[in-house]
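**Q** sequence first, predicted model second:
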Amino acid sequence: MGLFDVHSHLLPGIDDSKAKWEGLEEIFRVYLDCGLDGVCFTPHLYNPHVKTDVLGIREAYARAKEMADRVGIMTAIGSEVYVNDYITPRVLPIFGEFALIEFSTTYAPMDMLGKIASLKPFIPIIAHVERYSWLEPDSAVIDEMKALGCLFQVNGKALEKGGKAERYVASGIVDLFASDCHGRKEDIIALSKAFGRWPDIMKKMSRYGLTR
Ligand SMILES: [Fe+2]
């Protein structure tokens with residue numbers, strides 16, 4: 001099984017990534033040392049707080065992939081799409097199959113369920129589910145999201161603090177962990193620790209086709 005980090009911002013100069021080309025190979029080596037086999041780059045799309053060089057994604061990905069190949073880390077390209085009140089999102093799907101989506105942390109967008117449903121045929125992944133103040137593990141809307149086929153992702157780093165992230169894991173609804181790494185190695189290390197602590201999540205990821 002090839003275990004992937006399916007949520008990261010590691011393409012230099014593309015979004016709010018802090019990664020630099022000079023340091024990227026070292027970051028890939030951290031993945032290797034942590035026992036992870038691959039990384040999926042998921043640049044922000046439509047995020048009102050982040051400027052993304054959409055036209056530069058393909059070229060940056062090709063360059064990063066070449067470096068990762070040398071280190072022995074698999075790669076994939078996707079996106080993290082911000083769903084707000086106004087936009088019907090278009091996505092760059094992870095593995096051609098999964099739509100990673102995020103929301104405002106302070107309010108749920110209008111017609112959220114309708115917007116999620118419109119992502120079909122892609123399988124929606126709710127990014128860092130622990131982050132939304134308007135959502136709780138026992139919220140009724142979680143069941144409605146599940147009914148639409150949503151998978152729920154928690155950031156490895158958030159689990160270091162316990163709190164809401166851990167409550168989500170304890171509730172059994174979490175399907176995957178990821179780093180959401182913007183260039184800090186600590187986030188990759190935290191992700192591998194989370195996998196070590198909750199190995200069942202790796203099994204879930206494999207079952208859903210989130211491994212390669
Ligand atoms: Fe992210």
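**A** Right, received. Where do you want to start? Numbering: from 1, shown residues only.

**Q** what's the spacing between residue 103 and the ion?
**A** 12 Å (C-beta to the ion, to the nearest Å). In short, each C-beta sits where N, CA and C put it, glycine included.

**Q** what about that residue, neighbour count?
**A** Residue 103 sits with 21 neighbouring residues when counted by other C-beta atoms under 10 Å.

**Q** likewise residue 4?
**A** By other C-beta under 10 Å, 25 other residues sit near residue 4.

**Q** repeat that for residue 104.
**A** Neighbours of residue 104 using other C-beta under 10 Å come to 17.

**Q** wait, it touches residue 84, no?
**A** Yes. The pair residue 104 / residue 84 is scored as a contact, 6.7 Å apart, by C-beta atoms under 8 Å.

**Q** for the longest helix seen in the chain, packing partners?
**A** Secondary structure of the chain read by DSSP state H shows that its longest helix is helix 57-71. Packing contacts for helix 57-71, counted by 3 or more C-beta pairs under 8 Å, 6 or more residues apart in numbering; DSSP states H and E, involve helix 21-33, strand 38-41, strand 74-77.

**Q** now it against helix 21-33, angle please.
**A** 50 degrees (axes from the mean of the first three to the mean of the last three C-alpha atoms, to 10 degrees).

**Q** so which bits of helix 57-71 are buried?
**A** Buried positions in helix 57-71, judged by neighbour count with 16 or more other C-beta atoms under 10 Å: 57, 60, 61, 64, 65, 68.

**Q** contacts only, for the fourth one.
**A** Which is residue 64. When contacts are counted by C-beta atoms under 8 Å, 6 or more residues apart in numbering, residue 64 touches 10, 11, 12, 24, 41, 75.

**Q** ignoring the adjacent residues along the chain, who's closest to the fourth one?
**A** The spatially closest residue to residue 24, leaving aside those adjacent along the chain, is residue 67, at 5.6 Å (C-beta to C-beta, 6 or more residues apart in numbering).

**Q** picking up where we left off before, of the buried residues of helix 57-71, just say which sits nearest to residue 183.
**A** Closest approach between the buried residues of helix 57-71 and residue 183, by C-beta to C-beta: residue 64, at 12.5 Å.
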